[in-house]
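*Asks:* Give me a model of this one.
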Amino acid sequence: MKKIILLVMALALLVLPVFRAEAQVALPGIKKADSLFFAQNWAGAQKQYKLVLADTTHNGLAWNRLGFCEYYLGNYDAAIIAYQKALMGKVAAPLKAIIYSRMAKVYALQGKIAISVNDLDSAAAYGYSNLAEMDTLKDFGSLRNSPGFKQIRQKVYFTLNPCMANAQARQFDFWVGEWNVYPTGTNTLAGHSLVQMVSGGCALLENWEATNGSSSGKSLNFIDGANGKWKQTWVGNYANGIQEFVNGQYADSAMRFTFTTADAQGHPLTGRFIFYNLGANKVRQFNETSADGGKTWVTAYDLTYIRIEKGKM
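*Replies:* Here you go, the predicted structure:
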């Protein structure tokens with residue numbers, strides 16, 4: 001609870017310049033009330049805000065802080081009244097998000113689930129995005145099994161992580177996992193690969209280690225903003241170990257890239273790099289090159305990935 005309170009205090013300090021416009025008239029005694037508020041002297045701050053504020057005062061920030069004092073003191077009905085008064089003035093969207101989220105907490109504590117969900121939805125509409133609070137705060141305990149709460153949480157999650165809601169960005173997820181890797185058609189272990197979803201689902205990070213220590217490397221896989229197609233940038237531990245695979249497209253259960261490279265004599269080669277989705281626990285990675293513009297092809301490597309079961313290697 002202390003960490004949450006400190007987070008709220010920090011947020012209030014960050015957004016204070018936005019909210020100053022709400023206090024159109026400097027109220028006598030408001031600085032004292034605010035100092036008590038930031039000192040977490042809830043009873044003292046409550047008393048001072050009540051002395052400062054009149055029913056006709058449209059100072060959204062001050063009413064919000066009084067509401068928080070009442071909430072913290074367990075005066076839930078008084079907290080709701082203060083929060084409602086906070087919304088009566090010209091309140092900026094960030095402050096509205098805070099007020100509606102706090103009202104949602106109070107209503108949840110009072111068992112008024114439908115009202116709480118409605119206010120939380122309003123908070124999200126104004127920019128509320130505190131997933132950690134939604135997932136852990138005890139105040140929301142009575143809401144978490146509510147379909148409405150789950151929908152709002154998903155909406156907030158996708159707002160913070162838009163790639164998770166992007167169907168194209170999810171096309172390569174079949175490669176995510178921990179794998180034993182074998183030359184296709186053999187039982188000879190060639191290496192291990194850990195493929196992780198990173199950057200809020202906007203990229204995949206490959207971590208490769210050969211069993212015999214001959215090679216290691218990482219690749220970052222993402223949708224290239226320049227052309228809207230998948231791209232892989234690979235960096236290996238060997239000489240000239242940087243390679244880019246481009247124009248990636250997923251079709252017919254396979255992610256297909258193209259690339260250019262050179263042979264040992266420096267002659268240009270065109271290449272095809274394909275990941276075949278063979279079900280939940282199997283991926284085939286196939287790389288081939290052509291020295292004659294695609295008339296003939298030579299296999300560079302052909303590997304099969306078998307998902308490692310938890311607790312096994």
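*Asks:* does the residue nearest to N161 when sequence neighbours are not counted sit in a helix, a strand or a coil?
*Replies:* Nearest non-adjacent residue to N161, counting by Cβ to Cβ, 6 or more residues apart in numbering: G200, 4.0 Å away. Using the backbone N, CA and C atoms, a C-beta is placed for each residue, glycine as well. Per DSSP: H, G, I helix; E, B strand; the rest coil, the secondary structure class of G200 is helix.
*Asks:* give me the number of residues near G200?
*Replies:* 13 (other Cβ atoms under 10 Å).
*Asks:* Hmm, it is touching M164, no?
*Replies:* Yes: using Cβ atoms under 8 Å, G200 is in contact with M164, at 6.8 Å.
*Asks:* returning to that earlier point: any idea how far the residue nearest to N161 lies from A123?
*Replies:* 21 Å (Cβ to Cβ, to the nearest Å).
*Asks:* Over to L53?
*Replies:* 23 Å.
*Asks:* Have a look at these two and say which one is more surrounded.
*Replies:* Neighbours per residue, other Cβ under 10 Å: of L53 and A123, the larger number sits with A123, 24 against 21.
*Asks:* Which residues are in contact with that one?
*Replies:* By Cβ atoms under 8 Å, 6 or more residues apart in numbering, the contact list for A123 reads K96, A97, I98, I99, Y100, S101, A104.
*Asks:* try G241
*Replies:* When contacts are counted by Cβ under 8 Å, 6+ apart, G241 touches G217, W234, V235.
*Asks:* any idea whether the residue of the chain most remote from its centre is helix, strand or coil?
*Replies:* Distance from the C-alpha centroid of the chain peaks at Q265, with 46.1 Å (Cα atoms, centre = their mean). At Q265 the chain is in coil, as set by three-state DSSP.
*Asks:* Please report the distance of the residue nearest the centre of the chain from P147.
*Replies:* Nearest to the geometric centre of the chain sits N161, at 3.9 Å (Cα atoms, centre = their mean). As judged by Cβ to Cβ, N161 and P147 stand 21 Å apart.
*Asks:* same thing with V283?
*Replies:* As judged by Cβ to Cβ, V283 and P147 stand 36 Å apart.
*Asks:* So between the two, which is more surrounded?
*Replies:* More neighbours surround V283 than the other of V283 and P147, with 23 against 8 (other Cβ under 10 Å).
*Asks:* what helix or strand does the more buried one sit in?
*Replies:* For V283, the host element (DSSP states H and E) is strand 282-290.
*Asks:* what comes up buried for the one helix or strand I223 maps to?
*Replies:* Using DSSP H and E, I223 sits within strand 216-224. Across strand 216-224, burial judged by 16 or more other Cβ atoms under 10 Å covers G217, S219, N221, F222, I223.
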